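*Asks:* My questions concern the predicted model and sequence given below.
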Amino acid sequence: MKRILFLIHTLLVLQSVQLAQTRTNLEIVNDLIEKSVSNIDPNIINKNISFNFIYNSSDSFNFLKARVIDSYIKKGISINANNSVESRLEHSINNISIAYSNPYKDGFFGRIMIERNIKVDATLIILDRSVIKTVDLNNSYKDTIEVENISRLENPSIPFTQSTVPELPLFSNLLEPIIVVGTLIVTIILFFTIRSK
């Protein structure tokens, strides 16, 4: 009995650890923003000067400004909000998209899994000594998650972290209960048939 309880406890702990490791959609968006800035060619931006920073994105992406600024600071680029500075960095987040696709079963009686694809499309305009450069900062992330965890990975107050879930495979959802009920019926029939003899 103690072994069974230990086994159940171990399985529950492993499941909670796996759930904790699945990053939310917003966490991945933040990572993609930082990754896109860190991947900018160092020869494009002069790190010896200070830039006037302009964040030019739609209202739904406004709260990401702090993450964008932090990403530039981590890269060692000096930015400020001083309009008198001649050199300028203009960062625009054009679109953030999250899509779920290709639902499938992880084994016959397994969990329903789905592919998650997150994309961040941004543009950087650099004005340095009257020279204008435009850089596309597009990044994407793809993984597989459990369908039942989607509600925990989305943020209901942030619309771009949510997406529609495609229809789940109907046949496998119907087949499992039929097999379970059929097995129970056969077991009961065999039990009473053998017992009556």
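*Replies:* Looks like it arrived, so ask away. Numbering: from 1, shown residues only.

*Asks:* contacts, neighbours, all on C-alpha from now
*Replies:* Will do.

*Asks:* low-scoring pLDDT stretches of this structure, where are they?
*Replies:* Applying pLDDT under 70 to the chain picks out residues 1-20, 82-84, 107-109, 169-180, 195-197.

*Asks:* which stretches of it form helices?
*Replies:* 2-21, 25-38, 65-74, 150-153, 170-196 (DSSP state H).

*Asks:* separation between the residue nearest to the spatial centre of the chain and residue 142?
*Replies:* Geometric centre of the chain, nearest residue: residue 25, 3.4 Å, by C-alpha atoms, centre = their mean. Using C-alpha to C-alpha, to the nearest Å, residue 25 is found at 11 Å from residue 142.

*Asks:* Can you check which residues contact both of the two?
*Replies:* Counting by C-alpha atoms under 8 Å, 6 or more residues apart in numbering, the common neighbours of residue 25 and residue 142 are residue 118.

*Asks:* picking up where we left off before, pretty sure the residue nearest to the centre of the chain is touching residue 158, no?
*Replies:* No - between residue 25 and residue 158 there is no contact under C-alpha atoms under 8 Å: 10.2 Å.

*Asks:* what about residue 34, neighbour count?
*Replies:* When neighbours are defined as other C-alpha atoms under 10 Å, residue 34 has 20 of them.

*Asks:* Then the one 10 residues further on?
*Replies:* By the other C-alpha under 10 Å criterion, the neighbourhood of residue 44 contains 12 residues.

*Asks:* May I have the residues that are in contact with it?
*Replies:* Going by C-alpha under 8 Å, 6+ apart, the list of residues near residue 44 reads residue 133.

*Asks:* can you start the count at 391 instead of 1 from here on
*Replies:* New numbering, starting at 391: the last item is residue 434.

*Asks:* end-to-end on stretch 465-481?
*Replies:* OK, stretch 465-481 end separation, C-alpha to C-alpha: 15 Å.

*Asks:* can you list contacts of it?
*Replies:* Counting by C-alpha under 8 Å, 6+ apart, 427-428, 435-437, 439-447, 459, 462-463, 512-519 sit against stretch 465-481.

*Asks:* Then stretch 488-507?
*Replies:* 415, 508-509, 530-538, 550-559, 562, 566.

*Asks:* Quick check: residue 451 vs residue 551, distance?
*Replies:* 11 Å.
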